[in-house]
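Novice: My questions concern the predicted model and sequence given below.
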Amino acid sequence: MTILLKGGEVVDPAQDLKKKADVLLEKGRVAKLGRIGAQEGWRVVDVSSMYVMPGLIDMHVHLREPGQEYKETIETGSRAAVAGGFTSIACMPNTEPVNDCEAITRYILEKGRQANLVNIHPVGAITKGLNGMELAEIGEMVRTGAVAISDDGKPVQNNQIMRRAMEYSRIFDVPVLDHCEDCDLAAHGVMNEGTVSTELGLRGMHAVAEELQVVRDIMLSRLTGTRVHICHISSEEALNAIREAKAKGLKVTCEVAPHHFTLTDENVRTYDPDFRMNPPLRTGRDVEAMISGLADGSIDCIATDHAPHARIDKDLTFEDAANGVIGLETSVPLVWEHLVRKDVISVSRMVELMSLNPSRILGLDRGTLKVGSVADVTVIDPDKEITVDASQFESKARNCPFDGWQLHGCPVLTIVKGRVVWNRLS
Amino acid sequence: MPLSGKNLLGIAGLPVSDVRLILNTARSFREISSRAIKKVPTLRGRTVINLFYEPSTRTRSSFEIAAKRLSADSLNFSASSSSVSKGETLIDTALNLQSMNPDIIIIRHKAAGAPHLLAKHCRDCAVINAGDGMHEHPTQALLDALTIEDKKGKLEGLKVSIVGDITHSRVARSNALLLKKMGADVWICGPPTLIPLDFEQYDVTVTYDMLEALSGADVVMMLRTQLERQQEVFFPSVKEYFSLYGLNRKKLSAAKKDVIVMHPGPINRGVEIDPEIADGDVSVILEQVTNGVAVRMAILYLILGASEEGSK
């Protein structure tokens, strides 16, 4: 099927493009940009007054399969992804069993092919079973299709192991994605440690537990020359450390999750477990820092840390509930409402944060609409107003802290490899 | 006049007028407990459930006696720990209990916010917080206020020093909130390892020096040292803890001559308090327990009886 997207505003920072243009998709590739007359047999989609951009990439997603299919499956997670405007997602290895070998990587890719909606890029474990002690078979996973390594969810504490992992990953030139947390210091805290945790009587984990590990990774990156990507940063000092590292020319990148630039630890006052995640919601000052990092370029990506849980994991006291919130289906409207509409970032910058940079970091050969590139496209209606209704999500999970929020800017058309996989155009 | 809210979940959010009302009502109820027949029919036909997920001697029996002296039917539900997740049990238990139409559920739980969760799911009955994790223990703070006011004639302007493990203490939080609300000068003292970040938000003075805390104090409130937490590194030994923060006669001599010493119990004799002090003239520890019954009677009455009279 040949598709002509007609009349949209094309935003593609990879070729420094932001102008009204038609986009022709043919044989799964971008065939032409510019003024294009429709031909018979083409599917012509009127996208005037919409933004047309390279397909969005969420580089931090938990799909829960294999092992925790009651929370989410690769199929339901794929549906949530395309409904949220994503054409590619990277899924974290903390499944059951852990994605620490070729067989599991292959299983995830096969399930992804069966779902046949979104490009799924598995992230392999750094250590076997996330045990933090023995290196996983990184080479075999990469050869099978893993795009990065991470012990997200159970971060490597031993500095020597982390150094070896970084050194070893250089053979394959895959980035190391690190959930930065000194677990001794975090001491099973359930929220940010500070004024609010003291008042609520909830065990806190101080931002220093995150910052220390960020600094460690920066130093190990300097030692090993490895590309290190810091997952879901949440603290001002963590961001400052990354800024300094970048100024020194180190190969350090980072991402932030939408909840970390829209919510603070004040939201925990309700004891609602849908505000519990790790890293936890920080202070208003940290949120301001995240926003400035998004604006000034020191933050490279926006990633959701989509962490689906069933109600039985969340209908508990705050202390007993599981960590994590879902994000695939709210990310674009939150970015649009809180960053683009407020002029914190331009639409081009949004595309860098949500497509071009994740593609570059993971080496996906995507993130642009240059002629000849893969026809992964996201179309956003900037004026469409939505009320977040978690009960209507494509995801199996409902652990969304934004339920009921009114937001503008909505993904209305998602195209993966030249095929329409999500269409909400009226 | 009833309380301003349906539930009593914490001292935070409780207006001064409610505090006054509870203390005054408690005083008028105290006489009932000294009668030969210690019972009035005020809450006859009402059902009060004690839902205790944590061990408790004083608080649970205090609530039970309070309910019985007001003729309410009370049921003790001691939830032993089960293999299933406790919070899940909490909501299920709450819904089951609510189906039996109780008027009040009194809950103690290891998790902060558990009473709030219960209140969210049990909209048809009132919820009283009898201690939630490290968060609040409002009835303890109210009975402490009653005890102090009885002894000193006022709360305003008194120097009250709360000493010990502040981090893990819901008693410290509720007392700091209540005493500040009533105009006292509150001092917080303990090792820095056991004082949470920004406790100053309660407008209290924090010191690590016990003599400074005790100097000129009208009231010294000792907290229980949670020995079960000793696997974590908060202090090197009980011996050193007692030498720095244990209350003995020598340290107490820095306080005012008419100082009173309080403790929410259970006491670790020789750990945070010298038995000589705990059993001595300055100690009001057992009066706290007596006042606990009166305060809890007042709260049950104000939540149930008073609101009914008000609606007549």
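Specialist: Here it is on my side, so go on. Residues are numbered from 1 along each chain as shown, chains lettered A, B, ... in the order given.

Novice: Dead centre of chain A: give me the residue that sits there.
Specialist: A:Ala303 (2.3 Å; Cα atoms, centre = their mean).

Novice: Tell me who's in contact with it.
Specialist: Contacts for A:Ala303 (Cβ atoms under 8 Å, 6 or more residues apart in numbering or on different chains) come out as A:58-61, A:231-232, A:255-257, A:358. Heads up, the C-betas are built off the backbone N, CA and C, glycines and all.

Novice: How about A:Arg282?
Specialist: A:192, A:207, A:234-236, A:260, A:264-265.

Novice: which parts of the stretch 1-150 of chain B sit against chain A?
Specialist: With Cβ under 8 Å from any Cβ of the partner chain as the criterion, the stretch 1-150 of chain B meets chain A at residues B:12, B:85-88, B:90-91, B:109-114, B:116-117, B:132-136.

Novice: for chain A, where's the lowest mean pLDDT among helices and strands?
Specialist: For chain A, counting by mean pLDDT, DSSP states H and E, helix A:311-314 ranks last in confidence among helices and strands (a mean of 93).

Novice: For the helix or strand just after it, give me every contacting residue.
Specialist: Downstream of helix A:311-314, the next assigned helix or strand under DSSP states H and E is helix A:331-335. If you take Cβ under 8 Å, 6+ apart as the criterion, helix A:331-335 is touched by A:56, A:58, A:84-86, A:258, A:262, A:302, A:304, A:350, A:353-354, A:378, A:380, A:386, A:388, A:402, A:407-411.

Novice: now stretch B:24-31
Specialist: B:142-143, B:146, B:290-291, B:294-295, B:297-298, B:301-302.

Novice: cool, stretch B:297-307 as well?
Specialist: Contacts of stretch B:297-307 (Cβ under 8 Å, 6+ apart): B:1-3, B:6-8, B:21-23, B:25-26, B:29, B:32, B:42-43, B:46, B:48, B:66-67, B:69-70, B:72, B:103-104, B:126, B:128, B:139, B:142.

Novice: okay, residue 205: pLDDT?
Specialist: In the absence of a named chain, chain A is used. A:Met205 is assigned 97 on the pLDDT scale.

Novice: my bad, chain B
Specialist: At B:Thr205, pLDDT is 98.

Novice: With the one 4 residues further on instead?
Specialist: Looking at B:Asp209, its pLDDT is 97.

Novice: what do you get for B:Gln230?
Specialist: Reported pLDDT for B:Gln230: 60.

Novice: State whether A:Leu369 is indeed within a helix.
Specialist: No: the assignment for A:Leu369 (DSSP: H, G, I helix; E, B strand; the rest coil) gives coil, which keeps it out of a helix.

Novice: Looks like it contacts A:Gly55 (just checking).
Specialist: No: A:Leu369 is beyond contact range of A:Gly55, at 9.1 Å (criterion: Cβ atoms under 8 Å).

Novice: which residues do these two both contact?
Specialist: Contacts common to A:Leu369 and A:Gly55, judged by Cβ under 8 Å, 6+ apart, are A:Val377.

Novice: Going along the chain, name the helices of the stretch 301-426 of chain A.
Specialist: A:311-314, A:331-335, A:347-351, A:357-362 (DSSP state H, counting those that start in this stretch).

Novice: which parts of the second one are buried?
Specialist: In this case it means helix A:331-335. A:331-335 (16 or more other Cβ atoms under 10 Å in any protein chain shown).

Novice: so how far is it from its chain's centroid?
Specialist: Relative to its chain's centre, helix A:331-335 lies at 12 Å (Cα atoms, centre = their mean, to the nearest Å).

Novice: Much appreciated, bye for now.
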